[in-house]
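**Student:** Let's see this in three dimensions:
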Amino acid sequence: MIRISTDFIKTLRPLRLKKTQGTQRKYQHEGTKTERHEDIHWIASGYRSRNDGKRHFLHNLSQPYALLSPFGGAGGGFLRSYGLVFVIFVVIGLTTQAQPIEAKQYLHQGVLLAEEQHYPEALNMLDSALSLFPEYAEAYYNSGLIYSKLNEHRQVLRNMSIAVFLDNTLQEAYYIRGMSFYALHVMDSALTDLNRAVGSDPHNPEKLYNRAMLYLDQDNLSDAIADFDILLAADTTDAQIYFSRGSAYARSGFFYNGILDFNKSLALDDTDYQTWFNRGLCLYYTKQYVKSIADLSQTLSLNPDYAMAYHYRGLAYYYSGNKQQACHDWQQALNQNITESEEWMRKNCE
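**Tutor:** Residues are numbered from 1 along each chain as shown. The predicted structure follows:
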């Protein structure tokens, strides 16, 4: 093999902390639910950050989406991209006619160029195909795929919308368009398209995962957990999915369920500092301070610059009776602009 006032790593902006008012939510899941505190800080759930700082959807579980070629079936695939806003378009003067052979040839050349990542040249070929045959749905679809690779999301929306207008059997166009809506935070439209994509391909783990991540971004935690349940029923070897479901449980207030999922995630991959941090916070909120200190220390050994871990380790030290070490950690957090530590230091440290 992409959410209380929370510091569980936020989905679309994995390392940006987001504070909101703490609220009570009720979800019907097994396990003991712990009452939330107004000052809870979650790593907001789901996406682990990567070195490039971008969000990462779960690619490549299924075959890459194939370019449609008029000769010999589908062409080779290339990875999708995301993004888009809603565009209203009008297709004027469409006629029902056979595809001219020249248009097919341009499309085929465009597919070959796209496979070689010569995207501007590929788009020129597809434009030539459309100039000969304006209702060539496959040409719009392939153009949309190329634009998704280029992260030109409004062009993705335009081309995929025209493609499905001309041929509503191009089901993958809805999925790619939905991911483009998602990237531009047009969440309702994204969910509509992803629901259609999952409905037409219910066993596709990539689509289920991305819909679950969208649910997380909408704070629809119960539906996110339901999708993660389906994924884990089919595959228990993916640390990322355990991490994401565990974070959703934690944000719902089911800290013990979250701990169980973080345990499983760490058993599969013990190198991700965010999983250690999330489990450390769950342990903190369930008053398991010694274990929380151990997890937050491991977080800092993997990422010494993750300042929020100092803040929470300071809290765990404080509540376990080690005021001196708590003050040291709060000072480390404050040195990195974690303002939450300032009041704790003012009240408790000389």
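**Student:** only C-alpha atoms for contact and neighbour calcs from this point on.
**Tutor:** Noted.
**Student:** the strands in this protein, which residues?
**Tutor:** According to DSSP state E, the chain carries its strands in the segments 66-68, 74-77.
**Student:** Just the pLDDT for Glu35.
**Tutor:** At Glu35, the model reports a pLDDT of 42.
**Student:** re earlier: going by mean pLDDT, which of the strands of the chain comes out lowest?
**Tutor:** Mean pLDDT is lowest for strand 74-77 out of the strands of the chain, coming in at a mean of 36.
**Student:** Outline the domain layout of this structure.
**Tutor:** For the chain, automatic domain parsing gives the domain ranges 63-203, 288-350.
**Student:** Can you lay out these as JSON lines showing distance to Asn257?
**Tutor:** Converted to JSON lines, the domains of the chain look like this (distance: least, C-alpha to C-alpha, whole Å):
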{"stretch": "domain 63-203", "distance to Asn257": "25"}
{"stretch": "domain 288-350", "distance to Asn257": "15"}
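**Student:** how about CSV for the ones you listed, with mean neighbour count and distance to Ala212 added?
**Tutor:** Below are the domains of the chain laid out as CSV (neighbours: other C-alpha atoms under 10 Å; distance: least, C-alpha to C-alpha, whole Å):
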stretch, mean neighbour count, distance to Ala212
domain 63-203, 20, 10
domain 288-350, 19, 26
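**Student:** Show me the one of these that comes nearest Gly258.
**Tutor:** The closest of the domains of the chain to Gly258 is domain 288-350. By C-alpha to C-alpha, the value is 13.6 Å.
**Student:** Skipping its backbone neighbours, what lies nearest Gly246 in space?
**Tutor:** Nearest residue to Gly246 in three dimensions, chain neighbours excluded: Gly258, at 4.0 Å (C-alpha to C-alpha, 6 or more residues apart in numbering).
**Student:** hey, which helix or strand in this structure has the poorest pLDDT?
**Tutor:** strand 74-77 (a mean of 36; mean pLDDT, DSSP states H and E).
**Student:** Run through who's touching stretch 124-132.
**Tutor:** By C-alpha atoms under 8 Å, 6 or more residues apart in numbering, the residues outside stretch 124-132 that reach it are 100, 102-107, 109-110, 136, 139-140, 142-143.
**Student:** If you average the pLDDT over it, what comes out?
**Tutor:** Stretch 124-132 shows a mean pLDDT of 95.
**Student:** Work out the gap between it and the centre of the chain.
**Tutor:** Relative to its chain's centre, stretch 124-132 lies at 34 Å (C-alpha atoms, centre = their mean, to the nearest Å).
**Student:** Same question for stretch 259-268.
**Tutor:** Worked out by C-alpha atoms, centre = their mean, stretch 259-268 lies 19 Å from the chain centre.
**Student:** Okay, buried residues for it please.
**Tutor:** In terms of neighbour count (16 or more other C-alpha atoms under 10 Å), stretch 259-268 has its buried residues at 259, 261-266.
**Student:** Now pLDDT and distance to Asp193 too, for these, in JSON lines please.
**Tutor:** Below are the buried residues of stretch 259-268 laid out as JSON lines (pLDDT from 0 to 100; distance: C-alpha to C-alpha, whole Å):
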{"residue": "Ile259", "pLDDT": "97", "distance to Asp193": "33"}
{"residue": "Asp261", "pLDDT": "97", "distance to Asp193": "29"}
{"residue": "Phe262", "pLDDT": "97", "distance to Asp193": "31"}
{"residue": "Asn263", "pLDDT": "98", "distance to Asp193": "34"}
{"residue": "Lys264", "pLDDT": "98", "distance to Asp193": "32"}
{"residue": "Ser265", "pLDDT": "97", "distance to Asp193": "30"}
{"residue": "Leu266", "pLDDT": "98", "distance to Asp193": "33"}
